[in-house]
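Asker: The following comprises the amino acid sequence and a computationally predicted model.
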Amino acid sequence: MTYLVLARKWRPRSFDTLVGQDHVVRALTHALDTQRLHHAWLFTGTRGVGKTTLSRILAKSLNCETGITSQPCGVCRACTEIDAGRFVDYLELDAASNRGVEEMTQLLEQAVYAPGAGRFKVYMIDEVHMLTGHAFNAMLKTLEEPPPHVKFILATTDPQKIPVTVLSRCLQFNLKQMPPESIVGHLQAVLGQEQIGFEVPALRLIGQAASGSMRDALSLTDQAIAYSAGNLTEEAVRGMLGTIDQRHLLRLLEALHQGDARAVLAVADELATRGLSYAGALADFAVLLSRIAIEQRVAGATAPEDPLAADIARLGGLLHPDAVQLFYSVAVHSRGELSLAPDEYAGFVMACLRMLSLHGEAGPATRAEARHPPRRLRRQRLSQRLPPWRRLRPGLPPSRNPKPSARRTPVRWPLRRRQPASRQPASRRHSSLRPTPSRPRLRRSQPRAPGRSGAASRGGCRAGRFAAALGGDACAG
């Protein structure tokens, strides 16, 4: 008999056994119970959260011989054949390998025929975002007004790549990533049925490494069973995953707090001996620092059953919050700079030495002052909470007996006296404003006759012009 992996053997076969997607199960069960059935559903979410499983359960609910129900029997011909993957009226299409308009046209041509064995023809298109634009356009009309016996179920991990015209024709359900607690509980039930020994901390490591995917968690469990020879211990799972033991990180943090560079290098050498990833060490170190910072702000935030609860509470009282923030910032930035270092060991050691250097610049006196500030600093910090006009000036202590301030006399600015108008003629006052002529003024070559007015000499009056014509001097007088 061939071995069946846990992810396939323990695939949920009804809505009751589905884990971590209660919001989707509630909507689908209500729709099935009230017979308000849409013709197209779209399931979105990361890998291994139950998109294909939901489509199979929904297909069984639609084609079960007991009728349309939210609780398929699981024993009739339609239910058993859908579970086995050979039901004639349930077709799963991989859009990554059948993404062209020809495949879509062929599918739509077959959809017009009545179902052969079931109540509905159900087409499940997985990774639908891989279809071409022409394939999407070809299915728009049928997706909007399909035959009454056709149901479409679309699944994707990247809904942003699906055209809006397709999204508007479907009921969209976003499947959430599963929390580690749900994964650990499901793994406990599965391993109990398989009669395999385990430790709960080992399952927590698997739940964190699965990143919200139940299929990844079951695959890692299969690998851990083979690695640990049927007994899942924390040490075996940690060695399989290559994760860092939290005791190394606690030693590193205590060495940084004490300023012991030799102990820091000893931790780095031990990680190198075990062949562990320094990028993972910095990531786990940042997670530890974030938990300590949360514990400092919210006392009792760490669960009592957590194995690190006592150490986190102790380090939270030992370290100053500013030091925790400093270590976290250096760890996060140094993780991104590991690719620029000559090797990971040098990058990790330099990150730790940078933490020591920045933490040691303040010195013990300054760190003690930061932990217990003097009265002057406390007054300045309290004054920052007041409005700006009531805050203290830096360096000036508040007066214990303030004197009432004298009433200020409003300052009246002197009015500008109006200067008397100048008696100079306008031609002289504005002579400087006149533009300079482009060419000099031409002068008469002959002097004027004495006693002759300028107007007459220029021909400025009729009498002068008339006398000049007669040869007399009519304008002389």
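Answerer: Now that the structure is in, tell me what you want to look at.

Asker: In stretch 201-218, which of the residues would be classed as buried?
Answerer: Across stretch 201-218, burial judged by 16 or more other Cβ atoms under 10 Å covers 201-210, 212-218. Using the backbone N, CA and C atoms, a C-beta is placed for each residue, glycine as well.

Asker: end to end, how far does it reach?
Answerer: This stretch, stretch 201-218, spans 16 Å end to end (Cα to Cα, to the nearest Å).

Asker: what do you get for stretch 333-348?
Answerer: Stretch 333-348: ends 11 Å apart by Cα to Cα.

Asker: quick one: buried residues of it?
Answerer: Buried positions in stretch 333-348, judged by neighbour count with 16+ other Cβ under 10 Å: S334, R335, L338, A341, E344, G347, F348.

Asker: Nearest to V128 among those?
Answerer: Closest to V128 out of these is R335 (35.6 Å), distances taken as Cβ to Cβ.

Asker: Surely the closest one and S277 touch.
Answerer: No: contact between R335 and S277 fails when scored by Cβ atoms under 8 Å: they sit 10.6 Å apart.

Asker: What number of residues are in the vicinity of G317?
Answerer: Using other Cβ atoms under 10 Å, G317 has 11 other residues around it.

Asker: what about it, helix or strand, and which?
Answerer: Using DSSP states H and E, G317 maps to helix 309-318.

Asker: check contacts around the nearest residue to A351 once chain neighbours are set aside.
Answerer: In space, A351 comes closest to S334 once its chain neighbours are excluded; the distance is 3.5 Å by Cβ to Cβ, 6 or more residues apart in numbering. The contact partners of S334, taken as Cβ atoms under 8 Å, 6 or more residues apart in numbering, are L282, G347, F348, M350, A351, R354.

Asker: would you turn the residues you listed into CSV with secondary structure and pLDDT?
Answerer: Listed next are the contacts of S334 as CSV, based on DSSP: H, G, I helix; E, B strand; the rest coil; pLDDT from 0 to 100:
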residue, secondary structure, pLDDT
L282, helix, 93
G347, helix, 94
F348, helix, 94
M350, helix, 94
A351, helix, 94
R354, helix, 93
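
Asker: which SS class is L91?
Answerer: strand (DSSP: H, G, I helix; E, B strand; the rest coil).

Asker: now the helices for the stretch 251-400 of the chain?
Answerer: For the stretch 251-400 of the chain, applying DSSP state H, counting those that start in this stretch gives helices covering 261-274, 278-297, 309-318, 321-336, 344-360, 363-371, 375-383.

Asker: Okay, angle between the longest one and helix 309-318 too, please.
Answerer: What it means is helix 278-297. 70 degrees (axes from the mean of the first three to the mean of the last three Cα atoms, to 10 degrees).

Asker: now for helix 278-297, which elements pack on it?
Answerer: If you count contacts as 3 or more Cβ pairs under 8 Å, 6 or more residues apart in numbering; DSSP states H and E, helix 278-297 packs onto helix 246-258, helix 309-318, helix 321-336, helix 344-360.

Asker: T243 belongs to a helix, doesn't it?
Answerer: No: using three-state DSSP, the secondary structure at T243 is coil, not a helix.

Asker: Count the residues that sit near it.
Answerer: Neighbour tally, T243, other Cβ under 10 Å: 18.

Asker: shaky segments in the stretch 301-450 of the chain?
Answerer: 361-450 (pLDDT under 70).

Asker: Can you give me the end-to-end span of stretch 107-118?
Answerer: 18 Å.

Asker: quick check: mean pLDDT across it?
Answerer: Averaging pLDDT along stretch 107-118 yields 90.

Asker: likewise stretch 244-260?
Answerer: Here the average pLDDT along stretch 244-260 is 91.

Asker: burial count for the nearest residue in space to V324 that is not next to it in sequence?
Answerer: The shortest distance from V324 to any non-neighbouring residue, by Cβ to Cβ, 6+ apart, is to A293 (5.0 Å). Here the number of neighbours of A293 (other Cβ under 10 Å) works out to 18.

Asker: Give me the distance between A293 and A286.
Answerer: 10 Å (Cβ to Cβ, to the nearest Å).

Asker: and for those two, which residues touch both?
Answerer: With Cβ under 8 Å, 6+ apart, A293 and A286 have common neighbours Y328.

Asker: For burial, what's the neighbour tally of the residue nearest to D33 when sequence neighbours are not counted?
Answerer: Once flanking residues are discounted, D33 sits nearest to S70: 5.4 Å by Cβ to Cβ, 6+ apart. S70 is flanked by 18 other residues according to other Cβ under 10 Å.

Asker: Can you tell me which of the helices and strands packed on helix 278-297 is nearest to Y113?
Answerer: Nearest of the helices and strands packed on helix 278-297 to Y113, taken as Cβ to Cβ: helix 321-336 at 56.6 Å.

Asker: Please identify the buried residues of the closest one?
Answerer: By neighbour count on 16+ other Cβ under 10 Å, the buried set for helix 321-336 is A323, V324, L326, F327, Y328, V330, A331, S334, R335.

Asker: pretty sure the second one contacts I294?
Answerer: The reference is to V324. No: here V324 lies out of contact with I294, judged by Cβ under 8 Å, at a distance of 10.0 Å.

Asker: Please parse the protein into its domains.
Answerer: Domain segmentation of the chain under the TED database yields 6-174, 180-241, 246-358.

Asker: returning to that earlier point: tabulate the helices and strands packed on helix 278-297 in TSV, adding columns for distance to I82.
Answerer: Listed next are these as TSV, based on distance: least, Cβ to Cβ, whole Å:
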stretch	distance to I82
helix 246-258	45
helix 309-318	47
helix 321-336	46
helix 344-360	49
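
Asker: For Q188, find the nearest of those helices.
Answerer: helix 309-318 (21.0 Å).

Asker: for the chain, what spans make up the strands?
Answerer: Secondary structure of the chain (DSSP state E): strands located at 40-44, 90-94, 121-126, 150-156, 171-174, 197-198, 231-232.

Asker: For those strands, give me JSON lines that also has mean pLDDT and mean neighbour count.
Answerer: Formatted as JSON lines, the strands of the chain follow (pLDDT from 0 to 100; neighbours: other Cβ atoms under 10 Å):
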{"stretch": "strand 40-44", "mean pLDDT": "95", "mean neighbour count": "23"}
{"stretch": "strand 90-94", "mean pLDDT": "92", "mean neighbour count": "17"}
{"stretch": "strand 121-126", "mean pLDDT": "94", "mean neighbour count": "24"}
{"stretch": "strand 150-156", "mean pLDDT": "95", "mean neighbour count": "24"}
{"stretch": "strand 171-174", "mean pLDDT": "94", "mean neighbour count": "15"}
{"stretch": "strand 197-198", "mean pLDDT": "91", "mean neighbour count": "17"}
{"stretch": "strand 231-232", "mean pLDDT": "88", "mean neighbour count": "19"}
